[in-house]
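Enquirer: I would like the atomic coordinates for the input below:
(chains A and B)
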Number of protein chains: 2
Amino acid sequence: MSESIDFYFDFSSPYGYLAAERIDGIAERHGRTVAWRPFLLGAVFQKIGGSPLVDQPMKGPYSRHDMLRSARLHGIAFSVPDNFPVNSIAACRAFYWLAESDAGAAHDLALALYRGYFTGNRDLSRPETVVEAAQALGVDGDALVAALQDQAVKDRLRVENDQALDRGVFGSPTVFVGDEMFWGHDRLEQIDRWLETGGW
Amino acid sequence: MSESIDFYFDFSSPYGYLAAERIDGIAERHGRTVAWRPFLLGAVFQKIGGSPLVDQPMKGPYSRHDMLRSARLHGIAFSVPDNFPVNSIAACRAFYWLAESDAGAAHDLALALYRGYFTGNRDLSRPETVVEAAQALGVDGDALVAALQDQAVKDRLRVENDQALDRGVFGSPTVFVGDEMFWGHDRLEQIDRWLETGGW
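Expert: Sure thing, here's the model as predicted:
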């Protein structure tokens, strides 16, 4: 049995979005599938300090230029949303709630949310945005609205976040191939090679 | 006339070292040369805060793993020195002093210092290490010892550092192709493509 491929991302992360548009294709070339695992980067900042990349002096202005340049290079539609960065707690809760019954639908919702945010300027911080995107995929909107306030769903996200931190995740995107950790959209080429060769 | 290629690096930066082993070859494939420009990352930390990568929680342990993995991938000899990270002020002063009379020799000294530090565990923070490496390249050791305390040399390094910061350099390595800035060893493939295509 192949080792799992786990894709950790924050919904407000541009490089996470770029990776989301590419990771499945890379895995497929090697006959593999990917487990998507959204988390809240804010939980990392609470634990070890830090701040959103684009808010950092010097690095922030550069990164805004770099993410656009990287998106163009890979032919991925991308624009910086008006409300950015944001807390994506509703998106994360919706994902894990949906994943309980349908992992494929949760994956599709994640990609739709990413695209809505980074190509359509949909405000990802609003629960309404998340519910609308889910409804467009055939999800019961009323059930989702209730789920977003369900303590069990809140607890599930907290557990997922804690597990990500325990595993060493500190940035978005982070990909594990088995126990091998790769941080950053820049590591997708190495991941591709790792899957091909089994490591070096 | 082609735009200049400026390679900014801190002598204590592992990713700067990996880039140093590759940047000239990339430029040569496009008939270009590279201006090497060491700077002190500590000056960035003084200006905007920050700390050495390997000292940061979570990110530090990962980066130690990642730099070894990236070095192996590119077939570059690399080991983490015992004294790491260090202040490389003597190395920087020696570089710019030597560059006044012989840019090629300064380049060769920089590469020798990087290799001595990251493959031979030579303590780059010691002026003696820098002088010995320069002497091995035929440089007058006594003249260099004097230069390391020369106010004009100190001022030159300060000016170089200020110019790097003014240009937006906040990390090592950073490469400019003309005015286009690329941060990180991970961007060498994009630089290669930028030189080939003139941008995208």
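Enquirer: can you pull the residues of chain A lying near chain B?
Expert: A:44, A:48-49, A:56-59, A:61-62, A:65-66, A:69-70, A:72-73, A:168, A:170-171, A:181-184, A:186-187, A:189-190, A:193, A:200 (Cβ under 8 Å from any Cβ of the partner chain). C-betas here are computed from N, CA, C, even on glycine.
Enquirer: show me which of the residues you listed are buried.
Expert: A:44, A:56, A:58-59, A:62, A:66, A:69-70, A:168, A:170-171, A:181-184, A:186-187, A:190 (16 or more other Cβ atoms under 10 Å in any protein chain shown).
Enquirer: of those residues, which belong to strands?
Expert: Among those, the members falling in strands (DSSP state E) are A:M181, A:F182, A:W183.
Enquirer: how about the residues you listed in CSV, adding pLDDT?
Expert: Converted to CSV, these look like this (pLDDT from 0 to 100):
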residue, pLDDT
A:M181, 98
A:F182, 98
A:W183, 98
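Enquirer: now name the helix or strand holding the nearest residue to A:L98 once chain neighbours are set aside.
Expert: Nearest residue to A:L98 in three dimensions, chain neighbours excluded: A:A106, at 4.2 Å (Cβ to Cβ, 6 or more residues apart in numbering or on different chains). Counting by DSSP states H and E, the element that carries A:A106 is helix A:103-120.
Enquirer: equivalent analysis for A:G16, please.
Expert: Using DSSP H and E, A:G16 falls in helix A:14-20.
Enquirer: tell me the secondary structure at A:V54.
Expert: In three-state terms, and counting by DSSP: H, G, I helix; E, B strand; the rest coil, A:V54 is helix.
Enquirer: for it, what are its contacts?
Expert: A:G60, A:S63, A:R64, A:F84, A:P85 (Cβ atoms under 8 Å, 6 or more residues apart in numbering or on different chains).
Enquirer: do the same with A:F118
Expert: Contacts for A:F118 (Cβ under 8 Å, 6+ apart) come out as A:P14, A:Y17, A:A77, A:F78, A:S79, A:V80, A:P81.
Enquirer: do that again at 7 Å, thanks
Expert: Contacts for A:F118 (Cβ atoms under 7 Å, 6 or more residues apart in numbering or on different chains) come out as A:P14, A:Y17, A:F78, A:S79, A:P81.
Enquirer: quick check: the first one touching A:H65?
Expert: No - because the distance of 11.6 Å does not satisfy Cβ atoms under 7 Å, A:P14 is recorded as not touching A:H65.
Enquirer: which of the contacts of A:F118 lies closest to A:V175?
Expert: Minimum distance to A:V175 across these is 14.1 Å, recorded for A:Y17 (Cβ to Cβ).
Enquirer: what sits up against the helix or strand of chain A with the lowest mean pLDDT?
Expert: Lowest by mean pLDDT, DSSP states H and E among the helices and strands of chain A is helix A:41-48, with a mean of 92. Where contact means Cβ under 7 Å, 6+ apart, the residues beyond helix A:41-48 that reach it are A:D10, A:S13, A:G50, A:S51, A:N87, A:N161, A:L165, A:F170, A:S172, B:P57, B:M58.
Enquirer: distance of the second one relative to A:D142?
Expert: According to Cβ to Cβ, to the nearest Å, A:S13 stands 30 Å off from A:D142.
Enquirer: higher neighbour count, the two?
Expert: A:S13 (25 against 9; other Cβ atoms under 10 Å in any protein chain shown).
Enquirer: any idea how far that one is from chain B?
Expert: 15 Å (Cβ to the nearest Cβ, to the nearest Å).
Enquirer: excluding chain neighbours, give the residue nearest to that residue in space.
Expert: A:S172 (3.7 Å).
Enquirer: residues contacting the one you found?
Expert: A:Y8, A:F9, A:D10, A:S13, A:Y15, A:G16, A:L41.
Enquirer: run the last query once more with 8 Å
Expert: Contacts of A:S172 (Cβ under 8 Å, 6+ apart): A:Y8, A:F9, A:D10, A:S13, A:Y15, A:G16, A:F39, A:L41.
Enquirer: which of those sit farthest apart?
Expert: A:Y15 and A:F39 (14.2 Å).
Enquirer: so where do the helices sit in chain A?
Expert: A:14-20, A:23-29, A:41-48, A:59-73, A:89-101, A:103-120, A:127-136, A:141-147, A:151-167, A:188-197 (DSSP state H).
Enquirer: pretty sure A:L18 contacts A:F78?
Expert: Yes - using Cβ atoms under 8 Å, A:L18 is in contact with A:F78, at 7.3 Å.
Enquirer: which one's more surrounded, those two?
Expert: Using other Cβ under 10 Å as the criterion, A:L18 and A:F78 rank with A:L18 on top: 23 against 17.
Enquirer: gap between A:Y62 and B:W194?
Expert: 15 Å.
Enquirer: related to what we said a few turns ago, okay if I get the ones in strands among the buried ones among the residues of chain A next to chain B as a markdown table plus distance to A:L137?
Expert: Converted to a markdown table, those look like this (distance: Cβ to Cβ, whole Å):
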| residue | distance to A:L137 |
| --- | --- |
| A:M181 | 31 |
| A:F182 | 29 |
| A:W183 | 30 |
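Enquirer: tell me the one of the residues you listed nearest A:R32?
Expert: Closest to A:R32 out of these is A:F182 (14.4 Å), distances taken as Cβ to Cβ.
Enquirer: which non-adjacent residue is nearest the closest one?
Expert: A:V175 (4.8 Å).
Enquirer: wait, doesn't that neighbour sit right on A:Y8?
Expert: Yes - with contact defined as Cβ under 8 Å, A:V175 counts as touching A:Y8 (7.3 Å).
Enquirer: before I go, just wanted to say thanks for your time.
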